[in-house]
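1. below: sequence and its predicted model.
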Amino acid sequence: MRVVLLGPPGAGKGTQAAGISQEFGIPHISTGDIFRKNIKEGTELGIKAQEYINKGVLVPDELVVEIVKDRLTEDDCKNGFLLDGFPRTTVQADSLDVELSKMGIGLDKVVNINVDKESLIQRAVGRRICKDCGDTYHTTFNPPRKEGICDKCNGELYQRKDDTEETVNRRIEVYLEQTKPLIDYYNDKGILVDINGEQLIEKVGNEIILSLRGE
Ligand code: ADP
Ligand code: AMP
């Protein structure tokens, strides 16, 4: 199963990715997570990406495309993959198409999670992430059992620097301009699935899994 998760920032892509990845036995590849790991480790890529990410704008296509190209050749992608946060521009989508066709494969489905702007801001501003395992929580909608502490690994929870209201607004604008056109791009290819993301986390997850199973 080769899947792309599409949707505005804060729609719930990362939250849903764990269940999908487990259900179909495919790796979850989040370009945002890859950048945050590189920033944490102070790599050259992390240093370059950080200035864009903190401003809420996209990292240049050529940097992102190379990372994904490399990642897709790894062994664990043989039976499929779940891309989260990539592609985000038509240039990235075209490059992905070219790479996959060179490998003799193609995408099965693109899951588009729809959420209103007001909810997106609430979701992103309340988002908290475990600094050790990366698990995602929300102060109101999905709180950890113990405030500030990860349920899974007891790691400390932190707030992303780009999750302030101002930066989230900017990221939503960037999404509308550069990423939303991908809905038509994949709809035209006949592989787009629309999901109502304004429901409980479990309900959204069940709908995605049913639609990927073709039920
Ligand atoms: P994305 O990866 O699309 O940016 P996340 O999965 O990180 O979004 O979710 C953003 C925030 O919204 C997180 O704090 C998460 O706990 C919360 N969230 C995700 N799905 C839902 C939902 N269906 N209802 C309410 N809050 C949600
Ligand atoms: P995310 O974790 O998906 O919300 O991504 C966080 C930030 O990383 C984005 O606001 C971008 O600055 C950057 N980023 C992640 N994925 C991409 C991508 N495919 N193209 C360009 N920038 C990206």
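-> Ah, there it is. Ligands and ions are numbered 1, 2, ... in the order given.

2. tell me which element the closest residue to ligand 2 within the chain falls in.
-> At 1.9 Å from ligand 2, Gly32 is the closest residue in the chain, using C-beta to the nearest ligand atom. For every residue, glycine as well, the C-beta is placed using N, CA and C. Here Gly32 sits within helix 31-41, counting by DSSP states H and E.

3. ok, residues contacting that helix?
-> Here helix 31-41 makes contact (C-beta atoms under 8 Å, 6 or more residues apart in numbering) with 14, 45-47, 49-50, 53, 59, 64, 67-68, 71, 83-86, 88, 134, 160.

4. quick one: name the residues of this protein near ligand 1.
-> By the rule C-beta under 6 Å from any ligand atom, the part of the chain lying against ligand 1 is 7, 9-15, 123-124, 126-127, 136-138, 141-142, 197, 199-201, 204.

5. return only those of the residues you listed found close to ligand 2.
-> Contacts with ligand 2 within the residues of the chain next to ligand 1, counted by C-beta under 6 Å from any ligand atom: Pro9.

6. show me what from the chain comes close to ligand 2.
-> Residues of the chain lying near ligand 2 by C-beta under 6 Å from any ligand atom: 9, 31-32, 35, 52-53, 56, 58-59, 64, 85-86, 88, 92, 162, 171.

7. mark which of those residues are buried, thanks.
-> Neighbour-count burial (16 or more other C-beta atoms under 10 Å) is assigned, among the residues of the chain next to ligand 2, to 9, 31-32, 35, 53, 56, 58-59, 64, 85-86, 88, 92, 162, 171.

8. for those residues, which one is nearest ligand 1?
-> Nearest to ligand 1, judged by C-beta to the nearest ligand atom, of those is Pro9 at 4.8 Å.

9. need the contact list for the closest one.
-> Pro9 is in contact with Leu120, Ala124, Val168, Arg171, Ile172, Tyr175, counting by C-beta under 8 Å, 6+ apart.

10. and Gly10, by the same measure?
-> For Gly10, the contact set (C-beta under 8 Å, 6+ apart) comprises Val115, Ser119, Leu120, Ile121, Arg123, Ala124, Arg127, Val168.

11. the third one: neighbouring residues, count only.
-> The local packing of Leu120 (other C-beta atoms under 10 Å) involves 22 other residues.

12. need the pLDDT of it.
-> Looking at Leu120, its pLDDT is 97.

13. one more: the fifth one?
-> In this prediction, Arg123 carries a pLDDT score of 97.

14. pLDDT value on the closest residue to it other than its chain neighbours, please?
-> Using C-beta to C-beta, 6 or more residues apart in numbering and skipping the chain neighbours, the partner closest in space to Arg123 is Gly10 (4.1 Å). In this prediction, Gly10 carries a pLDDT score of 97.

15. am I right that Gly10 is in a strand?
-> No: counting by DSSP: H, G, I helix; E, B strand; the rest coil, Gly10 is not part of a strand but coil.

16. re the thing from before, give me the subset of the contacts of Pro9 lying in helices.
-> Counting by DSSP state H, the contacts of Pro9 place Leu120, Ala124, Val168, Arg171, Ile172 in helices.
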